[in-house]
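In: The following block contains a protein sequence and its predicted model.
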Amino acid sequence: MEEQKIKIEICCGTACYMLGAAELLRLENIIPDQWKDAVDISAIPCLEACSSDNLGGAPFVKINGELMSNASVESVCEKIFEIMKTRGGH
Amino acid sequence: MSNGAERMRRELMIRVVRDFTEGKLEETIDRIPLAIRPKHSQSSRCCIYHDRAVLKYRLMALLGFASENETDETRTLKSYLQEAVARKEKVKEPPLSVCSAGCSSCPDSRYNVTTNCRGCFARPCVFNCPKGAITVENQHSKIDYTKCIKCGKCEQVCPFNAIIKTTVPCEDACPVGAIRKNADGVAEIDFDRCIFCGKCFNKCPFSAIMERSQLIQILQAIRDGKKVVAMVAPSALMQFPGTVEQLFSAIHKAGFSDVMEVALGAELTTEHEAAEFAEKMIAKQPIMTTSCCTAYVELVKRHVPEFLDKVSTTPSPMRYAGRLVREKHPDAISVFIGPCIAKRLEAMNSDEIDFVMTFEELGALLAGMNIDIMSQEKWKIERPANATARNYAKSCGVTEAVILEMQEKNPEFSKIGFKLDNKFINGIDKKTAKLLKLYAMGKLPGNFLEVMSCTGGCVGGPCSLIK
Ligand code: SF4
Ligand code: SF4
Ligand code: FES
């Protein structure tokens, strides 16, 4: 059975964009080639997670629907790796 | 995110805009440092109290005040805010400020022998030091700083990379020696020397160099229902998510009554600069140099004054854009939006420009007002600027535009035996600043010299979002 792609949604609302999402957009270019078919990266409008109390958590990324705060290229890659491991794929 | 200091600066801006827009900044501003560094939270400096103190000065700069001018330490941010809101006239003071509480008094730049040193038999450091400053004691090299001239030879020759240089990042970055640590060890800018290039602002790892923002005055003008027109520099392209048309819509939504491209001003600069160049060459002036980069013009004014008569007198794209705004909306407040600190200085002395806002501030403004750029409709740009004008944002863009204009308008020009010999300096640093002295003495070839302070041109500006 074809495995579902890992869905990475990068919040590119203005707050997230300012606080690091601009950098995250590089993900598309830097993830290893063998992952490219397994992940689906998109830029999406404000996730509405960026209230003043939460601002410290920006940028936000949704990975398979799960919200991740303070996302960085490293933390997103780690998460992708984790999901791949549980699936047993490479 | 390239670093934590930048992140904090932006986060603060967003909070300020947000609370201002919600009409509660007066109540909240003095509590923002506590909200960001509450009790028992992790500090980024020695303790949360130091963090809070620095945050306070950061907020002060955001309100437009220099910490250097603080006379009463107990004065609340609220009271600064009230003064900022009431300010109607242009503030004509240097747009940069050093936060003494933030400055870490970085140790003086020098070469250090680390524990990597093995006191080797070959001792290339000892043999290569031109001043005989290195001796070996207990199998370990030692530098005599009374003799050391910081040439760095020892660092280059050590086979163990045992010798490293410590630097004062701000002093190192400054192309003109305008920032120095004072007697207290805290960085201080000499505003007679400073060209407002913003290199120290970008390089200080403690983000101790701050801009004095005009954000509050702009926000207040919008709140007062005044007509406020945004002029967006061409370097905005690729800086924000979404398209330029969406960005313009977002700016409009934020309360600006009209939005226009500074590139329209660049078209006029091109036209006039090409004509000026032709005129100067016919008059046998050996060289003409560009005037669109403010930091460069300041560099010439302050450090190579003998070259000033070679600088084009054509107004910059920002000023022409300001004139277009004044023609179209005589009653409006004009706001230049760009990636540049030096433009703040130029605007202070230009009647066409009321305020300057950086891309960082624009981003914070939109974020603070919860305006999502990607979800905006496309703005209908009345008359799009031409591609060569938009290209001013990149190094060599102005040269290309001027040359093209010359060829189109003066096809005869090359026939009278004139040969264009264009040169450019892409980024001002200590070395290129010295080159200019040689240009001024006429020792270097070229008749059209473009100089941009930022590497890559304005797109590499100190307050751009993406470098
Ligand atoms: S780089 Fe300069 S301004 Fe920044 S902490 Fe060091 S000495 Fe102070
Ligand atoms: S000239 Fe540039 S680097 Fe030097 S103090 Fe001024 S802004 Fe900073
Ligand atoms: S901008 Fe990302 S959650 Fe609002």
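Out: Arrived safely. Ligands and ions are numbered 1, 2, ... in the order given.

In: which residues touch whichever residue of the stretch 301-450 of chain B sits closest to ligand 1?
Out: The nearest approach of the stretch 301-450 of chain B to ligand 1 comes at B:Ile341, 15.2 Å away (Cβ to the nearest ligand atom). C-beta here means a position set from N, CA and C on the backbone, and glycine is covered the same way. Taking Cβ atoms under 8 Å, 6 or more residues apart in numbering or on different chains, we find B:Ile341 in contact with B:95-96, B:196-198, B:201, B:211, B:295, B:358, B:462-463.

In: quick one: it from B:Ser291, how far?
Out: Distance, B:Ile341 to B:Ser291, using Cβ to Cβ, to the nearest Å: 18 Å.

In: Need the residues that contact the worst-scoring helix or strand of chain B on mean pLDDT.
Out: Here the helix or strand of chain B ranked lowest by mean pLDDT, DSSP states H and E is helix B:397-409, holding a mean of 86. The set of residues external to helix B:397-409 that reach it, using Cβ under 8 Å, 6+ apart, is B:266, B:269-271, B:273-275, B:277-278, B:290, B:292, B:388-389, B:391-392, B:413-414, B:420, B:422, B:424, B:448, B:450, B:457.

In: Check which residues of stretch B:214-228 are buried.
Out: Neighbour-count burial for stretch B:214-228, counted by 16 or more other Cβ atoms under 10 Å in any protein chain shown, picks out B:214-222, B:227-228.

In: scratch that, stretch B:117-132 is what I was asking about
Out: B:117, B:120, B:123, B:125-126, B:129.

In: Widest-spaced pair of those?
Out: B:Cys120 and B:Cys129 (14.8 Å; Cβ to Cβ).

In: Okay, and B:Asn112 sits in which element?
Out: Assigned by DSSP states H and E, B:Asn112 belongs to strand B:110-113.

In: how big is the angle separating the helix of greatest length in chain B from helix B:397-409?
Out: In chain B, with assignment by DSSP state H, the single longest helix is helix B:263-282. Inter-element angle recorded for helix B:263-282 and helix B:397-409: 70 degrees (by axes from the mean of the first three to the mean of the last three Cα atoms, to 10 degrees).

In: where's helix B:263-282 relative to the chain centroid, distance-wise?
Out: 25 Å (Cα atoms, centre = their mean, to the nearest Å).

In: Now it - C-alpha only, PDB.
Out: Output of helix B:263-282 as PDB, limited to C-alpha atoms (Å, rounded to 0.1, in the frame of the first residue of the first chain):
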ATOM      1  CA  ALA B 263      11.100  52.500  -8.300                       C
ATOM      2  CA  LEU B 264       9.000  55.300  -9.900                       C
ATOM      3  CA  GLY B 265      11.400  57.700  -8.200                       C
ATOM      4  CA  ALA B 266      14.300  55.600  -9.500                       C
ATOM      5  CA  GLU B 267      13.100  56.200 -13.000                       C
ATOM      6  CA  LEU B 268      13.500  59.900 -12.500                       C
ATOM      7  CA  THR B 269      16.900  59.400 -10.800                       C
ATOM      8  CA  THR B 270      18.000  57.500 -13.900                       C
ATOM      9  CA  GLU B 271      16.800  60.200 -16.300                       C
ATOM     10  CA  HIS B 272      18.500  63.000 -14.400                       C
ATOM     11  CA  GLU B 273      21.600  61.100 -13.500                       C
ATOM     12  CA  ALA B 274      22.200  60.100 -17.100                       C
ATOM     13  CA  ALA B 275      21.800  63.700 -18.300                       C
ATOM     14  CA  GLU B 276      24.100  64.900 -15.500                       C
ATOM     15  CA  PHE B 277      26.700  62.300 -16.400                       C
ATOM     16  CA  ALA B 278      26.600  63.400 -20.100                       C
ATOM     17  CA  GLU B 279      27.000  67.000 -19.100                       C
ATOM     18  CA  LYS B 280      29.900  66.300 -16.700                       C
ATOM     19  CA  MET B 281      31.700  64.200 -19.300                       C
ATOM     20  CA  ILE B 282      31.300  66.900 -21.900                       C
END
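
In: which secondary structure elements does it contact?
Out: On a contact count with 3 or more Cβ pairs under 8 Å, 6 or more residues apart in numbering or on different chains; DSSP states H and E, helix B:263-282 meets strand B:288-289, helix B:317-328, helix B:387-390, helix B:397-409.

In: OK, contacts around B:Pro315?
Out: So B:Pro315 contacts B:269, B:272, B:291, B:323 (Cβ under 8 Å, 6+ apart).

In: B:Ser79 belongs to a strand?
Out: No. Going by DSSP: H, G, I helix; E, B strand; the rest coil, the assignment for B:Ser79 is helix, not a strand.
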